[in-house]
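Chemist: no FASTA, just this:
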Ligand code: ADP
Ligand code: MG
């Protein structure tokens, strides 16, 4: 069943001069972890606040468990929240802050202690429970806010950048904890982040927003492998996808993209979509390829492209090689153990099956026709 459904939701501020969310429709299934991902200012928090009921909905409808909730106050919606700004009660200990939702529901003291201990262990807060918010770090406060949200049963859990005040190592640890809690208790969770790695690591599905507009919603694999447009292709993945403008030509009824000294045959499955796009020889198209799908060519028989080493970054678990080819800088992600000299000549090959094609005018991906789906 759909747990949450947004139907053509808009959010304006300042009498409509700020359009924070535009015609947003999406749905989330029970037990799903959905991440809303996008750059700062793209409308993530506005969306969450409308779902929570702490911000008016300018237009559109929001359904929870099949019932419209537009007119319900925040208190009347069975939704738990943890926000980036933690909003803790300053005069209460961390323990009492976490216990708060249980106290107002009238749980017995023994029950409260048990539950607070359980959740505090999960987010590693047990030693600090007696302290006041002002006596602990931002990271502790954020974990308290998270624990307070997770402690009570709710129909939906909304987390707005819940890990933003933690250091990198803690973030990775709590990411795991959140996912465990969400999966073991089958919680429906909507998680906001600007960090694409966090979204890829955590979410069952990712909704990507830009300038208030939904760009794509899909599984991490779908948004990574089959981005709908240049924005998604560029925003998801680190290091980002390489984009190269190339000319399209038609040779004996086949479309070919001229990639430097190589001619890349466009597969048969693209015939229809490219046919519509093609405006004669020299039609410009954008070819996208991820750094992990480009390889150093070692055998002389490979069809390779020559370039020069522009820079090499050894980042431990992998190496990022930037190669200059003509006017383009192409990034390649390599296994550890390589080293290069600046300016060194190098031959690379592209995994042609992983090349994506984009319309430079609209930014939309040009899709092949596959028997199964629209991918
Ligand atoms: P995000 O959480 O993705 O960073 P927000 O939803 O906070 O984005 O903001 C979306 C847009 O709405 C931004 O341009 C922001 O400046 C604007 N905005 C957010 N809240 C308000 C407000 N209370 N009044 C006016 N503009 C706002
Ligand atoms: Mg925000």
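Modeler: Nice, thanks for sending it over. In this text the structure is predicted, and so the values were computed from the model without any measurement. Residues are numbered from 1 along each chain as shown. Ligands and ions are numbered 1, 2, ... in the order given.

Chemist: count of residues packed around residue 305?
Modeler: 20 (other CB atoms under 10 Å). In this view, the C-beta of every residue, glycine as well, is placed from N, C-alpha and C.

Chemist: ok, it - contacts?
Modeler: 259-262, 325, 347-350 (CB atoms under 8 Å, 6 or more residues apart in numbering).

Chemist: if we look at the sheet, which residues does it bridge to?
Modeler: Residue 305 forms beta bridges with residue 348, as assigned by DSSP bridges.

Chemist: picking that back up, quick check: the farthest pair among the contacts of residue 305?
Modeler: 259 and 347 (13.8 Å; CB to CB).

Chemist: quick one on the thing from earlier: so which one among the contacts of residue 305 has the lowest pLDDT?
Modeler: Minimum pLDDT for the contacts of residue 305 is recorded at residue 261 (72).

Chemist: which parts of the longest helix along the chain are buried?
Modeler: As assigned by DSSP state H, the longest helix anywhere in the chain is helix 168-184. Of all the residues in helix 168-184, those buried under the rule 16 or more other CB atoms under 10 Å are 170-171, 174-175, 177-179, 181-182.

Chemist: hmm, which two among these are most spread apart?
Modeler: The widest separation within the buried residues of helix 168-184 (CB to CB) is 17.9 Å, between 170 and 182.

Chemist: Can you tell me the closest non-neighbouring residue to residue 234?
Modeler: Among residues not flanking residue 234 along the chain, residue 240 sits closest, at 5.4 Å (CB to CB, 6 or more residues apart in numbering).

Chemist: Any figure for the gap between the one you found and ligand 1?
Modeler: 20 Å (CB to the nearest ligand atom, to the nearest Å).

Chemist: Ok, residue 316 next?
Modeler: Using CB to the nearest ligand atom, residue 316 is found at 31 Å from ligand 1.

Chemist: do the same with residue 237
Modeler: Applying CB to the nearest ligand atom, the value for residue 237 to ligand 1 is 20 Å.

Chemist: shouldn't that residue be in contact with residue 221?
Modeler: No: look at residue 237 against residue 221 with CB atoms under 8 Å: they stay out of range, at 11.8 Å.

Chemist: Can you give me every residue that contacts residue 270?
Modeler: Counting by CB under 8 Å, 6+ apart, residue 270 touches 255, 357, 366-369.

Chemist: repeat that with 7 Å
Modeler: 255, 366, 368 (CB atoms under 7 Å, 6 or more residues apart in numbering).
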